[in-house]
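**Student:** The sequence and its predicted three-dimensional model are supplied below.
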2 protein chains.
Amino acid sequence: MSERPDPQVRGFRAAGVHCGIKDDGPDLALLVSDVPASVAGVFTRSTVVGAPVEWSRRCVRSGRGRGVVVNSGCANVAMGRRGQRDAREMAERAASALGVRASELCVASTGVIGEPLPMPRVRRGISAAAAALRPEGWRAAAEAIRTTDTYPKWASRRVRVGGRLVTVAGIAKGSGMIEPNMATMLAFLATDAAVRPAALRRVLGSAVAESFNRVSVDGEGSTSDSVLLYANGLAGNAPLAGPQTSGAARFAEAVTEVSQDLARDLARDGEGATKLVTVEVTGARSAAEAERAARRIANSMLVKTALFGGDPNWGRILQTVGAGRIALQLPRTRVRLCGVEVFRRGASAGPAARRRAAARMRSDELEVAVHLGAGRGRARMWTCDLSYDYVRINAEYTT
Amino acid sequence: MSERPDPQVRGFRAAGVHCGIKDDGPDLALLVSDVPASVAGVFTRSTVVGAPVEWSRRCVRSGRGRGVVVNSGCANVAMGRRGQRDAREMAERAASALGVRASELCVASTGVIGEPLPMPRVRRGISAAAAALRPEGWRAAAEAIRTTDTYPKWASRRVRVGGRLVTVAGIAKGSGMIEPNMATMLAFLATDAAVRPAALRRVLGSAVAESFNRVSVDGEGSTSDSVLLYANGLAGNAPLAGPQTSGAARFAEAVTEVSQDLARDLARDGEGATKLVTVEVTGARSAAEAERAARRIANSMLVKTALFGGDPNWGRILQTVGAGRIALQLPRTRVRLCGVEVFRRGASAGPAARRRAAARMRSDELEVAVHLGAGRGRARMWTCDLSYDYVRINAEYTT
């Protein structure tokens, strides 16, 4: 959200420029560490992936890298060999402008699928972005990776690790095709903490599981989802090597918090969204079943339209849980909307409760809490409502 | 569709009346055989089911019955003991008006969840419907089971079975919460063929698998889905006892065809739908994976909004298949929209193909065909587009 302070991380520079992939607005970003850094990445699990994801997957394998070059406006997906060539050239151009090796730079592209990258513009953009790099360039980079996002997204935390103050910061873009198991979402995080690559991978994996993988806008995953975390060590702490290292837990928590800030922003700014919705499921037979229930609720078109309408419709919530064949004990089941219990002991809590809930549901942040009475499993998801604008944006989007 | 002839089946009478559960329009229906009949039923697999489903499940267990009493406007779901009492009373009232046993009558209710049935009105409605029963009453019954359906749905077939001409007819309602594995959909079929209960169960099971379970409006299943098939034997054929009996295959085909006619109507008349969409997946690793791919396409909000917009967006189609982690060979993958190949050999078929597809997509019946190039599995689904009206209907629906 815009009230958050602009991020800045020792030894990282960022830039965002307009090069003409999109008709207007910045569309090319760089985020680079001045010194070699540890890197970890999490990518889409789709069976259809873009050439940039293929490139970046190879790129992070060594655990070391410098940064990432990103464009919006064109996803470079389903373009065959040409796509692979273009992704590689993006890394090479940026690398030569920065004086590093191409294999040290990840590539990410987001936007229309099935169209070729306008490489002459991309080349110009990379040169311009390299020239524009500066420590306070994060906001410009966050602007440049937007597609249908209505606002740029960034977040940061400061924590003490091994006696040193370290910063964790990140930018993200989301909007459409947002779903569990990653989405057309890109997130780039950086920290000046010193962290060994294997430890960084574990930290990022668990942060993603508790943040980006808990967000759903429309139940879709994309071909281009990528989350990268760079750690350049300039804070000077003794390198974090595992969960036992002093400060490791605090560092992991900071990464998770930054990721969750960004993830909530993705849900809040889902295409056409008017409300950020937190779904809490408790009392499931298992954590996995709680997650499945939470995902069903978060993805249900009937629930999401009811939330858009401000309707305390517990019937649709229970119906989608039931349709997922998720175990529940109806007489022990409770549904709470924005803190108001509207369903309990197998029945409606009555019209007064419904009215109280409806009044609170005018807020732009809603809470849906369901207790299934079948066990101790619990899970949380973030989503948004389904509005006329979602239909408008996606029916009128030109591919 | 309305051009279809009104159904009529020897020895069955039907009626639909207005009793005031809904503000206006008929809301109570009866469908009854003059003589005891074989009966088979398929019900929702949700873990949250309405009292009427509980009653009817018991009711069909014997394989014999007389008919069904149905109301729209109130689903009688999540009403605890009161709901069970009301469902039983509906059967009892109808049974005493008809001179049969309550256990011979199934009950189905559809509409708002969590509100009690207005039993004084229901009682009056049952008396009025019993008095209004007539052989040509199917259309009235089809009208009375509607909720947000924009038109009543019926279908019929005549086939020769064991030397006798038999009729298979049915009515259905759908609209919201329509999904794979049944939906808030009710369908009641009847035939004058003589069929043993076990054979009838098999015939209905496979007809449902190829029809109602292949329809998706919004990926939701409901608490009240019920399909019933009555066979009263008045055609005088030698009773069908299994697939080997003469005419059994033709009879099964007729039941499947009637079910498919009704299922397609459910998709065509999905809430807010402007287009009936047939999704065909071929070349999947297995039939199960083909079905999963077809369901993902049919349920994808991004695909459905693109279809509403008439956009030949093969990117979204492949993306939702990929996100489901369904195996495909991109270089052998093809996407055909309304007969026009828009994606082939791993790339777009170009702007001319796109324009041709876009022109054909103005039709109100669309075909999405995807070949995955990974095997021989195939599956078909019916669905509809996602329009502003879906959001309007479901955001403004009052529970």
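**Tutor:** Received, thanks.

**Student:** which residue sits closest to A:A287, ignoring its sequence neighbours?
**Tutor:** Leaving out its chain neighbours, the residue that sits closest to A:A287 by CB to CB, 6 or more residues apart in numbering or on different chains is A:G377, at 4.6 Å. Heads up, the C-betas are built off the backbone N, CA and C, glycines and all.

**Student:** Quick one: residues contacting that neighbour.
**Tutor:** A:G377 makes contact with A:V281, A:T282, A:G283, A:A284, A:R285, A:S286, A:A287, A:A288, A:E289, A:A290, according to CB atoms under 8 Å, 6 or more residues apart in numbering or on different chains.

**Student:** Is it correct that the first one falls within a strand?
**Tutor:** Read that as A:V281. Yes. Counting by DSSP: H, G, I helix; E, B strand; the rest coil, A:V281 is located in a strand.

**Student:** hang on, isn't it packed against A:A374?
**Tutor:** No. If you go by CB atoms under 8 Å, A:V281 and A:A374 don't touch, sitting 10.7 Å apart.

**Student:** Looking at those two, which is more packed in?
**Tutor:** Neighbours were counted for A:V281 and for A:A374 using other CB atoms under 10 Å in any protein chain shown; A:V281 has more, 28 against 19.

**Student:** Partner strands of the top strand by length along chain A and their direction?
**Tutor:** For chain A, the strand with the greatest residue count under DSSP state E is strand A:28-43. Here strand A:28-43 has these sheet partners by DSSP bridges: strand A:12-17 (antiparallel), strand A:64-74 (antiparallel), strand A:226-231 (antiparallel).

**Student:** and the next element down the chain from the longest one?
**Tutor:** Counting by DSSP states H and E, the element after strand A:64-74 in chain order, helix or strand, is helix A:80-98.

**Student:** residues in contact with that following helix?
**Tutor:** Applying CB under 8 Å, 6+ apart, the external contacts of helix A:80-98 come out as A:30, A:32, A:50-52, A:54-55, A:59, A:66-67, A:69, A:71, A:76-77, A:79, A:101-107, A:109, A:116-117, A:119, A:122-123, A:126-127, A:129-131, B:331, B:346-347.

**Student:** Restricted to buried residues, select the contacts of A:G377 in PyMOL.
**Tutor:** The PyMOL command for the buried members of these (criterion: 16 or more other CB atoms under 10 Å in any protein chain shown) is given here:
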select buried, chain A and resi 281+282+283+284+285+289+290
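
**Student:** where's A:G315, which helix or strand?
**Tutor:** helix A:314-323.

**Student:** quick one on the thing from earlier: show me which of the strands paired with strand A:28-43 has the highest average neighbour count.
**Tutor:** strand A:226-231 (a mean of 29; mean count of other CB atoms under 10 Å in any protein chain shown).

**Student:** what mean pLDDT would you report for that strand?
**Tutor:** Per-residue pLDDT over strand A:226-231 has a mean of 95.

**Student:** sorry, back to before: Throw the contacts of A:G377 into CSV and include pLDDT, thanks.
**Tutor:** Below are the contacts of A:G377 laid out as CSV (pLDDT from 0 to 100):
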residue, pLDDT
A:V281, 98
A:T282, 98
A:G283, 97
A:A284, 97
A:R285, 97
A:S286, 97
A:A287, 95
A:A288, 95
A:E289, 96
A:A290, 97
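
**Student:** In helices only, show me the contacts of A:G377.
**Tutor:** Among the contacts of A:G377, the subset assigned to helices under DSSP state H consists of A:A287, A:A288, A:E289, A:A290.

**Student:** For the residue nearest to the second one when sequence neighbours are not counted, grab phi and psi.
**Tutor:** Which is A:A288. Residue nearest to A:A288 in three dimensions, not counting chain neighbours: A:G377, with 7.1 Å by CB to CB, 6+ apart. Dihedral pair for A:G377: phi -70, psi 140, per degrees, to the nearest 10.

**Student:** In the stretch 51-200 of chain A, which residue sits closest to chain B?
**Tutor:** Of all residues in the stretch 51-200 of chain A, A:I113 sits closest to chain B, at 3.1 Å by CB to the nearest CB.

**Student:** shouldn't that residue be in contact with A:T223?
**Tutor:** Yes. In terms of CB under 8 Å, A:I113 counts as a neighbour of A:T223; the distance is 6.8 Å.

**Student:** Now for these two: what residues contact both?
**Tutor:** A:A75, A:V77, A:A78, B:L318, B:Q319.

**Student:** which secondary structure element contains the nearest residue to A:E210 once chain neighbours are set aside?
**Tutor:** Nearest residue to A:E210, sequence neighbours excluded (CB to CB, 6+ apart): A:T256, at 5.5 Å. Element membership of A:T256 [criterion: DSSP H and E] is helix A:248-268.

**Student:** What helices and strands are in contact with that helix?
**Tutor:** Judged by 3 or more CB pairs under 8 Å, 6 or more residues apart in numbering or on different chains; DSSP states H and E, the packing partners of helix A:248-268 are strand A:153-161, strand A:164-173, strand A:186-191, helix A:197-209, strand A:215-216, strand A:276-284, strand A:377-384.

**Student:** Only alpha carbons, please: show it as CSV.
**Tutor:** Taking Å, rounded to 0.1, in the frame of the first residue of the first chain, the C-alpha atoms of helix A:248-268 are listed here in CSV:
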residue,chain,number,x,y,z
ALA,A,248,17.7,-17.3,11.5
ALA,A,249,14.2,-17.5,12.8
ARG,A,250,13.8,-13.7,12.9
PHE,A,251,15.2,-13.5,9.4
ALA,A,252,12.8,-16.1,8.1
GLU,A,253,9.9,-14.3,9.9
ALA,A,254,10.8,-11.1,8.2
VAL,A,255,10.9,-12.7,4.8
THR,A,256,7.5,-14.3,5.5
GLU,A,257,6.1,-11.0,6.7
VAL,A,258,7.3,-9.1,3.6
SER,A,259,5.8,-11.9,1.4
GLN,A,260,2.5,-11.8,3.3
ASP,A,261,2.3,-8.0,2.9
LEU,A,262,2.8,-8.4,-0.8
ALA,A,263,0.4,-11.4,-1.0
ARG,A,264,-2.4,-9.5,0.7
ASP,A,265,-1.8,-6.7,-1.7
LEU,A,266,-2.2,-9.1,-4.6
ALA,A,267,-5.6,-10.2,-3.3
ARG,A,268,-6.7,-6.7,-2.4
